[in-house]
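# Would you be able to build a 3D model of this:
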Amino acid sequence: MKTVNSPTDYLSNDINVSVTDIAGGISYDRSTDEKYMKKALQQAKKAAKIGEVPIGCVIVYEDKIIGRGYNRRKKDKNTLSHAELIAIRKASRVMGDWRLEGCTMYVTLEPCQMCAGAIVQARMDRVVIAAMSPKSGCAGSILNLLQMDEFNHRVEITTGVLEKECSSFLSNFFVDLRKRLKAENVTGETGMVLENEAE
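Residues are numbered from 1 along each chain as shown. Coordinates of the predicted model:
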């Protein structure tokens with residue numbers, strides 16, 4: 001078994017690779033991380049089907065999914081309807097507690113400041129992220145709210161799991177949306193403005 005130390009190493013073709021967490025050198029099984037990230041990607045596809053930015057999330061406890069979520073901000077007309085918050089709400093119901101200790105979150109795009117704060121507040125053990133978000137990510141891109149020494153809880157982070165698949169899906173969504181909006185604007189059917197940021 002090969003231990004890797006960076007997100008780039010994670011993209012290795014070695015089937016028997018394990019991943020070392022950014023925070024503490026803990027080794028995780030790549031195939032398990034990929035299995036659950038595929039479930040998160042399925043959630044992102046649900047968001048895309050309803051015209052939402054395709055971000056999906058699952059929360060796992062003892063090898064069982066206890067919470068699922070996908071972006072529903074426009075559909076719900078609610079700022080709080082991010083994939084991560086929906087999944088946390090569902091997982092808390094299953095656990096019967098606001099604390100989600102022992103849980104791992106799998107999310108297709110790096111959490112924003114709101115979601116990162118909720119992850120810390122929920123006392124989540126670990127977050128596995130497919131793609132980073134340079135414009136709004138708060139798990140290392142803009143800042144890292146998940147591992148601030150000043151907080152009473154820090155979350156382990158693993159990045160780059162199915163990064164190519166999740167990034168491509170997100171990019172393709174925006175390419176298709178721009179084409180559709182351009183075509184609709186030419187015919188005068190909509191005055192909709194395209195958002196430039198994922199979250």
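# secondary structure class for the residue nearest the centre of the chain?
In the chain, the C-alpha nearest the mean C-alpha coordinate belongs to Val107, at 2.2 Å (Cα atoms, centre = their mean). Following DSSP: H, G, I helix; E, B strand; the rest coil, we place Val107 in the strand state.
# Then Leu41?
Applying three-state DSSP: Leu41 is helix.
# From the chain's centroid, how far away is the longest helix along the chain?
Looking across the chain with DSSP state H, the single longest helix is helix 163-187. Taking Cα atoms, centre = their mean, to the nearest Å, one finds the center of helix 163-187 at 19 Å from the center of the full chain.
# which strands and helices sit next to it?
Helix 163-187 makes packing contacts with helix 30-49, strand 103-109, strand 126-131 when contacts are defined by 3 or more Cβ pairs under 8 Å, 6 or more residues apart in numbering; DSSP states H and E. For glycine as for every other residue, the C-beta is placed from the backbone atoms N, C-alpha and C.
# right, so these: which one is the most enclosed?
Highest mean neighbour count among the helices and strands packed on helix 163-187 (mean count of other Cβ atoms under 10 Å): strand 103-109, with a mean of 28.
# can you give me the angle that strand makes with strand 126-131?
For strand 103-109 against strand 126-131, the angle by axes from the mean of the first three to the mean of the last three Cα atoms, to 10 degrees is 10 degrees.
# need the contact list for the nearest residue to Glu84 once chain neighbours are set aside.
Setting aside the residues directly before and after it, Glu84 is nearest to Cys115 in space (Cβ to Cβ, 6 or more residues apart in numbering), at 3.9 Å. If you count contacts by Cβ atoms under 8 Å, 6 or more residues apart in numbering, Cys115 has them with His82, Ala83, Glu84, Leu85, Cys138, Glu199.
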